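In: would you be able to build a 3D model of this:
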Amino acid sequence: MKLLKLALDWTPNSNHLGFFVAKALKYYEAAGLDVKLLDPSEDNYALTPAKKVEVNKADMALCPLESVISYRSKAQPFDAVALATVLKEDLSAITVLGNGNVKRPRDLDGSSYASYNARYEDEIVRQMIKNDGGKGQIKLAYPDKLGIWDTLLSGQYDATWIFLNWEGVQAEGRGMELRHFRLADFGIPYGYSPVILASQKAVKQDEPSFSAFLQATKRGFLYAKQNPMEAIKILAPLVAEQDKDIDLSKSLEITIAAYGNDADWGKLDPHRVDHFLDWLKARGLEKSTLSAEELVCQRLVF
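Out: Below you'll find the model as predicted:
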């Protein structure tokens, strides 16, 4: 059995469902793989998922497309590539409590934002504010990543970036009103999140294993789409204690619409990737000559 480690980007949630289904239904085992799913709570996010790949603590990582771009363009590049995307559309948003004075992004001027400290994140948020007529003058804070959601709910900070299909559903179930600002609604052509990142060199050295992983993973996600109630039974015991109150049916209803289908599951559109890259470059956030051709792996069959 070939051992492959995938570093998850968060504690178990509906974005990860296909991986857990593929393990539970032994799709990986049938493909000759022993897949370990690494939960970031095990080290309280001491290392980001992508960093775990760079330092050989994982073979793959879930992360936003920005991580692939960032690792390829830093002073000492790491040969990161995106193998596949989990979601075909962006289900994230900048979010504030609905009972406050922030009605739209420009109202965030002078407010506080709880950041994950990703390379482009803060400037993306500032640009959203500017695109809505504000100055982009937001106060940035960097709390523990796994505790960021709680800092918004407690009112410690005014805004943060969440997944609507997870934290958004959880807040709704608790009767909490949130207000969401989606990037596409304010002129920002966001890429993909999360994607599966790996080392280009590692993929070239063992294409069969990585292809087998993607094929089994695709089976897992499509099974979840076709059998949501059975998939929920697999996920429910794995959900972190602080998330046990979430309506998994509601979360999955939103999420599976973005999984794609048999023909396009996991496929990243190079034009969309290049559009996001061009946006980053136009605003001085990215100075490399990288393109989708370099960032998206086209070698694997799934």
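In: then stretch 261-279 to CSV, C-alphas only?
Out: This file holds the C-alpha atoms of stretch 261-279, laid out as CSV (Å, rounded to 0.1, in the frame of the first residue of the first chain):
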residue,chain,number,x,y,z
ASN,A,261,-20.1,16.3,-11.8
ASP,A,262,-18.4,13.2,-13.3
ALA,A,263,-17.2,15.2,-16.3
ASP,A,264,-15.7,18.2,-14.5
TRP,A,265,-15.1,17.3,-10.8
GLY,A,266,-11.8,18.9,-9.7
LYS,A,267,-11.0,20.6,-12.9
LEU,A,268,-9.6,24.2,-12.6
ASP,A,269,-10.4,26.5,-15.5
PRO,A,270,-7.1,28.0,-16.6
HIS,A,271,-8.8,31.2,-17.8
ARG,A,272,-10.2,31.7,-14.4
VAL,A,273,-6.8,31.1,-12.8
ASP,A,274,-5.2,33.6,-15.2
HIS,A,275,-7.9,36.1,-14.6
PHE,A,276,-7.2,36.0,-10.9
LEU,A,277,-3.4,36.2,-11.5
ASP,A,278,-3.9,39.2,-13.8
TRP,A,279,-5.9,40.9,-11.1
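In: neighbouring contacts of that stretch?
Out: 65, 69, 82-86, 88, 188-192, 195-196, 214, 217-218, 221-222, 225, 259-260, 286, 290-293, 295-296, 302 (Cβ atoms under 8 Å, 6 or more residues apart in numbering). Just so you know, the C-beta spots here come from the backbone N, C-alpha and C atoms, and that holds for glycine as well.
In: list buried residues within these.
Out: For the contacts of stretch 261-279, a burial check counting by 16 or more other Cβ atoms under 10 Å picks out 65, 69, 82-86, 88, 188, 190-192, 195-196, 214, 217-218, 221-222, 225, 259-260, 286, 290, 292, 295-296, 302.
In: just the ones of those residues in strands?
Out: Counting by DSSP state E, the buried ones among the contacts of stretch 261-279 place Ala82, Leu83, Ala84, Thr85, Val195, Ile196 in strands.
In: just flag the most distant two among the residues you listed.
Out: Using Cβ to Cβ, those span at most 8.9 Å, a distance reached by Leu83 and Thr85.
In: can you pull the residues that touch both of these two?
Out: Overlap between the contact sets of Leu83 and Thr85, as judged by Cβ under 8 Å, 6+ apart, is given by Val195, Ile196, Gly266.
In: can I assume Ile124 sits in a helix?
Out: Yes. Counting by DSSP: H, G, I helix; E, B strand; the rest coil, Ile124 is located in a helix.
In: these two touch, right, it and Pro189?
Out: No. Between Ile124 and Pro189 there is no contact, the gap being 10.9 Å when judged by Cβ atoms under 8 Å.
In: buried ones in the top helix by length along the chain?
Out: As assigned by DSSP state H, the longest helix anywhere in the chain is helix 207-226. Using 16+ other Cβ under 10 Å as the test for burial, helix 207-226 gives 209-225.
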